[in-house]
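>>> based on what follows, work out the 3D shape:
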Amino acid sequence: MELKVFKSVWGMQGDWKTKLKRIAEAGYDGVETPMPAEKDEPQFRESLERYRLELILHVYTGREDNEKPYPDSAEAHIASLETQLERAASFRPLLINAQSAKDSMPYEEQLKFFSHAVRLEKQTGIPLGHETHRGRATFTPWSTARLLRDIPELHIVADFSHWCNVCESMPFDHADSLSLAIRHAIHVHARVGYEQGPQVPDFRAPEYEYALRRHEQWWDEIGRSHLEAGSPIVTFTPEFGPPGYMHTMPFTGQPVADLWEICLAMSRRIRERFRRNFPAHGENGADKNINFQKRY
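Next up, the predicted model:
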C-alpha cells in the first residue's frame, strides 16, 4: 500500500501553472481542487501533465460555486451532481470529493439522493466520496452512520474536524459511528479540529496536542482499514484553510500561522507517521496509473 499526499489549492494565489508548479516542487503527489473555470481548463490540463500531478476534484451538490443558497429537494441535488460528475470525469481524477445534500434534508430525501449517487459512481467508474462536512447530510457521526448502514456501498471523505466542532467534543461517545465511517472512508482531509472549531490555530502548539493525537488515531485506523481491505493506496490532503477559516488576530486580521507552511508541516508529519506505522509499505510509487478500483 502506498501513501499519496495531495495539496489543496484553497488559499493559494496565482494562475494554474504557478500553483501546480509550486505544489510539485514541494514534493506533493497531487492536487486537490474544484474544477477550473472553462476558460482556464487548457492551462490546467497542460500543467497537470507537465508537473506529473495526480488529481482529486471537488463537486458541490445544489450549488456548483459553493456560494448560492442550497435547494431543498433531492432532485435538485441529484441534477447538480449529475452535471458536475459528467465534467469531472473528463479530467480522469483519482477520486471525486463531494459536499453532498443538506443537513436539514428529510431522511427519505437523503436516501433518494445518496442511492442515486452510488449508481452514478458505478457509471463513471471513479470513486466518489461524500465529505463529512457541516451544513451537509454528513454533518454528524450519527447521521452519517445511519446513511452508511442503509446504503452499504456509500463512501465518505473523512474530515472529522467538522464533527469535533458540531459535537463540541472529540467525540468519544460516538465510537461505533466513527468506526463505521472509518471503514467507508476513501480519502482523508488531514485537518485538526477541536471542540470550538474545525481548525486549531496551529496543530504544532502543545495546547492542541490532545486534538492532534486524537485525529492521528483516526487516521491510523483508516490506514489499517485500507491495508486490511487490500487497497493499493491511501490518500491524504492536509486541508487547512486560509485566514477567515484560519484564526486571525483581532483588529489587524493578521493570520496566526502561515498557511503554506502549516500544510507542508502536516504533509511531512503524515509521511513520517506512515513510514513508522506501515514500515513494510512504500510511498511515492512510480506507477501513476495504479488501479484505485481494487478496493472499491
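>>> surely Pro243 and Thr252 touch.
No. Pro243 is not in contact with Thr252 according to CB atoms under 8 Å; the separation is 10.7 Å. Any C-beta I mention is one placed from the backbone N, CA and C, and that applies to glycine too.
>>> more neighbours: which of those two?
More neighbours surround Pro243 than the other of Pro243 and Thr252, with 15 against 7 (other CB atoms under 10 Å).
>>> for the closest residue to the more buried one other than its chain neighbours, what are its contacts?
With CB to CB, 6 or more residues apart in numbering as the criterion, Pro243 has its nearest non-adjacent residue at 4.3 Å, and that residue is Pro255. Going by CB atoms under 8 Å, 6 or more residues apart in numbering, Pro255 touches 242-243, 246-249.
>>> by neighbour count, which of those residues wins?
Met246 (19 neighbours).
>>> got the contact list for that residue?
199, 201, 240, 255-257, 259.
>>> now with 6 Å?
Contact analysis of Met246 by CB atoms under 6 Å, 6 or more residues apart in numbering lists Pro255.
>>> what's the answer for Val200, then?
Here Val200 is in contact with 192, 194, 208, 211 (CB under 6 Å, 6+ apart).
>>> what do you get for Phe160?
Trp218.
>>> mind listing what's buried in stretch 272-279?
273-274, 278 (16 or more other CB atoms under 10 Å).
>>> hmm, back to that, who wins for most neighbours among the contacts of Val200?
Counting neighbours by other CB under 10 Å, the top entry in these is Val192, with 25 neighbours.
>>> quick check: that one vs Leu53, distance?
Remark: distance between Val192 and Leu53 (CB to CB, to the nearest Å) = 25 Å.
>>> how about Met12?
13 Å.
>>> among the buried residues of stretch 272-279, name the ones in helices.
273-274 (DSSP state H).
>>> where does the residue of the chain most remote from its centre fall, phi/psi-wise?
Relative to the centre of the chain, the most outlying C-alpha is that of Phe251, 31.9 Å out, by CA atoms, centre = their mean. Note on Phe251: its backbone torsions stand at phi 70, psi -50 [degrees, to the nearest 10].
>>> and if you look at Val5?
Note on Val5: its backbone torsions stand at phi -110, psi 130 [degrees, to the nearest 10].
>>> what number of residues lie near it?
25.
>>> and the nearest residue to it once chain neighbours are set aside, how many neighbours?
In this structure, Val5 finds its nearest non-sequential neighbour in Ser267, 4.9 Å apart by CB to CB, 6+ apart. Neighbour count of Ser267, defined by other CB under 10 Å: 21.
>>> what pLDDT is listed against Ser267?
Looking at Ser267, its pLDDT stands at 98.
>>> ok, it to Thr248 distance?
For Ser267 relative to Thr248 (CB to CB), the value is 23 Å.
>>> and Ala145, by the same measure?
35 Å.
>>> which intervals of the stretch 51-200 of the chain have sub-threshold pLDDT?
For the stretch 51-200 of the chain, the stretches with pLDDT under 70 are 64-69.
>>> now do 80
63-70, 72 (pLDDT under 80).
>>> quick one: the strands in it?
54-60, 95-99, 128-131, 156-158, 185-189 (DSSP state E, counting those that start in this stretch).
>>> can you map out the helices along the stretch 51-200 of the chain?
Secondary structure of the stretch 51-200 of the chain by DSSP state H, counting those that start in this stretch: the helices cover 74-89, 107-124, 141-150, 161-167, 175-184.
>>> returning to what we had before: most tightly surrounded among the strands of the stretch 51-200 of the chain?
With neighbours taken as mean count of other CB atoms under 10 Å, the strands of the stretch 51-200 of the chain reach their highest mean count in strand 156-158, at a mean of 28.
>>> elements contacting that strand?
Here strand 156-158 touches strand 128-131, strand 185-189, going by 3 or more CB pairs under 6 Å, 6 or more residues apart in numbering; DSSP states H and E.
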